[in-house]
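J.: Coordinates for the following, if possible.
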Amino acid sequence: MSNFWVNLYKFPRFLISVLIGFFLTTFQPIFKLLNNKKNKLLFITIIAIIIGLCYIIIQIMADNI
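T.: Just a heads-up that it's a prediction; the model follows:
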């Protein structure tokens, strides 16, 4: 039974390390693309369009309630 509690105490550290590893491997290619000025402008434009579209969609959804 004590082995169960030892494993349970290790779980938060495991979860944090998995999340950090996921984000590092996901965002590493994006950071490499941002070294070029042209790519940086394109990335910022795409992010702005996505945020704008999400804002518009949420407003339309809120108006339909």
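
J.: thinking Lys40 is in contact with Leu34, fair?
T.: Yes: Lys40 is in contact with Leu34 according to C-beta atoms under 8 Å; the separation is 5.0 Å. Where you see a C-beta, it was placed from the backbone N, CA and C, and this is true even at glycine.

J.: max-length helix in this structure?
T.: When the chain is parsed with DSSP state H, its longest helix is helix 2-33.

J.: Which elements pack onto it?
T.: In terms of contacts (3 or more C-beta pairs under 8 Å, 6 or more residues apart in numbering; DSSP states H and E), helix 2-33 is packed against helix 37-63.

J.: per-residue pLDDT, the residue most central in space within the chain?
T.: Nearest residue to the geometric centre of the chain (C-alpha atoms, centre = their mean): Phe23, 6.6 Å. In the predicted model, Phe23 carries a pLDDT score of 93.

J.: Ile47 versus that one, what's the distance?
T.: 17 Å (C-beta to C-beta, to the nearest Å).

J.: tell me the domain ranges of the chain?
T.: 1-33, 34-65 (automatic domain parsing).

J.: remind me which residues of this protein are low pLDDT?
T.: Counting by pLDDT under 70, the chain has no low-confidence residues at all.

J.: one more time with 90, if that's ok
T.: 1-11, 27, 29-39, 43, 63-65 (pLDDT under 90).

J.: residues in contact with Lys32?
T.: Going by C-beta atoms under 8 Å, 6 or more residues apart in numbering, Lys32 touches no other residue.

J.: how near is it to Phe43?
T.: 11 Å.

J.: How about Tyr9?
T.: Note on Tyr9: its distance to Phe43, by C-beta to C-beta, is 41 Å.

J.: The two: which is more packed in?
T.: Phe43 (14 against 9; other C-beta atoms under 10 Å).
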